[in-house]
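Visitor: how would this look folded up:
(one chain, ligands or ions: 3)
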Amino acid sequence: KKLFVFETQQPGKDVVPVAYSKDKDSFKIYNKGLDPGHANYLANIEASNSTGEVFVRFEKDKIFVYVCFGELKGDLEKLKDGISMAGAKCLKAVAYLNTHINFYVDFEEYDRDFIGGLILSSYKYDFNKKESKNKLTLSIIGNENVKKYISIYNSQNFARFLGDTPANLMTPTLFAEYACDLLKDLKVEVFDKKFMEENKMNLLLSVAQGSEQEPRLLSISYKGRESDEVDIGLVGKGITFDSGGISIKPSANMAAMKGDMLGGASVVSVMKLVSDFKLKANVRAVIPLTENLPSGSATKPGDVFCGMSGKSVEVDNTDAEGRLVLADALTYIQQSKPKYVMDIATLTGAMAISLGDSFIGFFCNDDKLAEVIYQSGIQSSDPAWRLPLSSLYLSSMKSTVADLKNVGGRFGGSAIAAIFLNEFIEKDTKWAHFDIAGVMDSSRNTAVYGKYMTGKGVPVVFETVQTLIQHL
Ligand code: BES
Ligand code: ZN
Ligand code: ZN
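Guide: Ligands and ions are numbered 1, 2, ... in the order given. Below is the predicted model:
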């Protein structure tokens, strides 16, 4: 199984140079002298986007692709999106070669977005098909920055792979194995049910008890500097399938819930980048892994559990399971006293209503950290928008029989979930919660993502980690 088709190489024979300029006229000349046999491929990418033009020139064993966006007219988000789409179309245009292709990328700026478009659009999930259609492999040649971007988007594709893999092939046990394989250079501990029992992680266990699959708790440690202090803690929701449990979901689109571990997958990918980039900080990650299924042993609405923090929760709705597993994971990671904690989770369907699939929603208890996240979103072209973390949403979760209920009212679902998590955050912890439910998959079948899981969240969380470390 070859997951990563992109690598950096020394210039080889069949190089596809890709250039970008604001100067339209300098590229006009290349629009002439085309091989008519390739006209359809050209048409394919010429229609690539509304914000710019793509020019192609065929020459013996070389194809020149030029992307030109003219003047930047203030709308940076649209421009970046257009460049990434051009990358996707560029890949489509050369895909017919059915061979190994070297891309030589030489951009004045926005090379990050172009490379993102190339790499993310190259991703497909066909490992379970009798025949994999596309034998194309590619290399990108470029400077140091280009190499960094390649790692980032390859890593994002890995998170997508974990998410797209069907739940029967991505159980908690198998997820842990994939993570161990990928993170060979790191200390990875895989804990079982017994460990959870010993640590009173009864909220996590309450979700797992309906499933035949054993739950797992993954702990990943990266040491990038002297001292045993943990600088940053990452937590990812790892529900390998979310049926809703006894509060079962409707069957339409339930299959998408194989992706309910994308928070955990993103954390694995970010840890891989932290280690590959040799960041100078200590970073720790915790991923609670379980299925959420109905059965004779499953949690019933109204059941009460007391988690690791000592707080008891009445499970009013078994489909609000993410916050339960995160509560214990957040309690656990804070035992190592990280200065910053960030969790990432496909937590609430309400995110799709509030922000759609263009922005990740995040909640934060520290204004400086929130600003770093916002700027990191722009920097990494993986934008995130802050939503209110407010105790005004807490009252709806009052319980008559426990410290709190796991659900509140119907409206403001994402903010309710966030303030629930906040109940498990200690006073000194600078904390942010990313809700990636709205950006999880690409139902629109976009040029860049196809119909697959997007892996969005990996770039912005990694960028945030990098920035925080610079200021430690
Ligand atoms: N995993 C879902 C949220 C989700 C929905 C992720 C759609 C990705 C796409 C989560 O566990 C859930 O079911 N949340 C409920 C909460 C409700 C019961 C308060 C929801 O959003 O409906
Ligand atoms: Zn659920
Ligand atoms: Zn869920």
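
Visitor: who are the neighbours of the lengthiest helix in the chain, in terms of helices and strands?
Guide: The helix spanning the most residues in the chain, taking DSSP state H as the definition, is helix 144-164. Using 3 or more C-beta pairs under 8 Å, 6 or more residues apart in numbering; DSSP states H and E, the elements in contact with helix 144-164 are strand 6-8, helix 111-122, helix 172-182, helix 262-276, helix 458-470. Where C-beta positions appear, they are placed from N, C-alpha and C, glycine not excepted.

Visitor: tell me the strands beside the very next helix or strand once past the third one, with direction?
Guide: Read in the C-terminal direction, the helix or strand following helix 172-182 is strand 187-191, with elements assigned using DSSP states H and E. Strand 187-191 has these partner strands in its sheet, going by DSSP bridges: strand 216-223 (antiparallel).

Visitor: which parts of the partner strand count as buried, going by neighbours?
Guide: Going by neighbour count (16 or more other C-beta atoms under 10 Å), the buried part of strand 216-223 is 216-222.

Visitor: from those, which is closest to residue 191?
Guide: The shortest gap between residue 191 and any of those belongs to residue 217, at 4.1 Å (C-beta to C-beta).

Visitor: quick check: pLDDT value at that closest one.
Guide: Looking at residue 217, its pLDDT reads 98.

Visitor: residue 441 - nearest residue in space that isn't next to it in sequence?
Guide: The shortest distance from residue 441 to any non-neighbouring residue, by C-beta to C-beta, 6 or more residues apart in numbering, is to residue 453 (5.1 Å).

Visitor: which residues touch the one you found?
Guide: Contacts here follow C-beta atoms under 8 Å, 6 or more residues apart in numbering; on that basis residue 453 touches 159-160, 163-164, 259, 262, 440-442.

Visitor: neighbour count, pLDDT and distance to ligand 1 added to the residues you listed, as CSV?
Guide: As requested, the contacts of residue 453 are exported to CSV (neighbours: other C-beta atoms under 10 Å; pLDDT from 0 to 100; distance: C-beta to the nearest ligand atom, whole Å):
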residue, neighbour count, pLDDT, distance to ligand 1
159, 27, 97, 15
160, 30, 96, 15
163, 26, 97, 11
164, 22, 96, 14
259, 28, 98, 7
262, 33, 99, 8
440, 25, 98, 5
441, 23, 96, 8
442, 18, 87, 12
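
Visitor: out of those, which is nearest to residue 180?
Guide: Using C-beta to C-beta, residue 159 comes nearest to residue 180 of the contacts of residue 453, at 15.8 Å.

Visitor: does the closest one touch residue 262 like I think?
Guide: Yes: at 6.5 Å, residue 159 counts as touching residue 262 under the criterion of C-beta atoms under 8 Å.

Visitor: related to what we said a few turns ago, which one of the helices and strands packed on helix 144-164 lies closest to residue 414?
Guide: Once those are compared by C-beta to C-beta, helix 262-276 is nearest, at 13.9 Å.

Visitor: so is the following helix or strand past the closest one next to ligand 1?
Guide: Next along the chain after helix 262-276, taking DSSP H and E as the criterion, comes strand 282-292. No: Strand 282-292 lies apart from ligand 1 when judged by C-beta under 6 Å from any ligand atom; the minimum separation is 7.2 Å.

Visitor: sheet partners, orientation included, of the following helix or strand past strand 282-292?
Guide: The helix or strand immediately downstream of strand 282-292 is strand 303-306, counting by DSSP H and E. The pairing partners recorded for strand 303-306 under DSSP bridges are strand 312-315 (antiparallel).

Visitor: helices or strands up against the very next helix or strand once past the partner strand?
Guide: Using DSSP H and E, the helix or strand that follows strand 312-315 towards the C-terminus is helix 322-333. With contacts taken as 3+ C-beta pairs under 8 Å, 6+ apart, helix 322-333 sits against helix 202-208, strand 232-236, strand 238-242, strand 282-292, strand 312-315, strand 340-345, helix 413-422.

Visitor: does ligand 2 sit close to the fifth one?
Guide: If I follow you right, that is strand 312-315. No: if you take C-beta under 5 Å from the ion as the test, strand 312-315 misses ligand 2, and the best it gets is 11.4 Å.

Visitor: CA atoms of that strand as PDB?
Guide: Provided in PDB are the C-alpha atoms of strand 312-315 (Å, rounded to 0.1, in the frame of the first residue of the first chain):
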ATOM      1  CA  SER A 312     -20.400  12.700  37.600                       C
ATOM      2  CA  VAL A 313     -22.300  12.900  34.300                       C
ATOM      3  CA  GLU A 314     -25.900  11.800  33.500                       C
ATOM      4  CA  VAL A 315     -25.800  10.500  30.000                       C
END
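
Visitor: anything in that strand near ligand 1?
Guide: No: using C-beta under 6 Å from any ligand atom, strand 312-315 never reaches ligand 1; the gap is at least 10.6 Å.

Visitor: burial measure for the nearest residue to residue 223 once chain neighbours are set aside, as a count.
Guide: In this structure, residue 223 finds its nearest non-sequential neighbour in residue 282, 5.4 Å apart by C-beta to C-beta, 6+ apart. Neighbour count of residue 282, defined by other C-beta atoms under 10 Å: 24.
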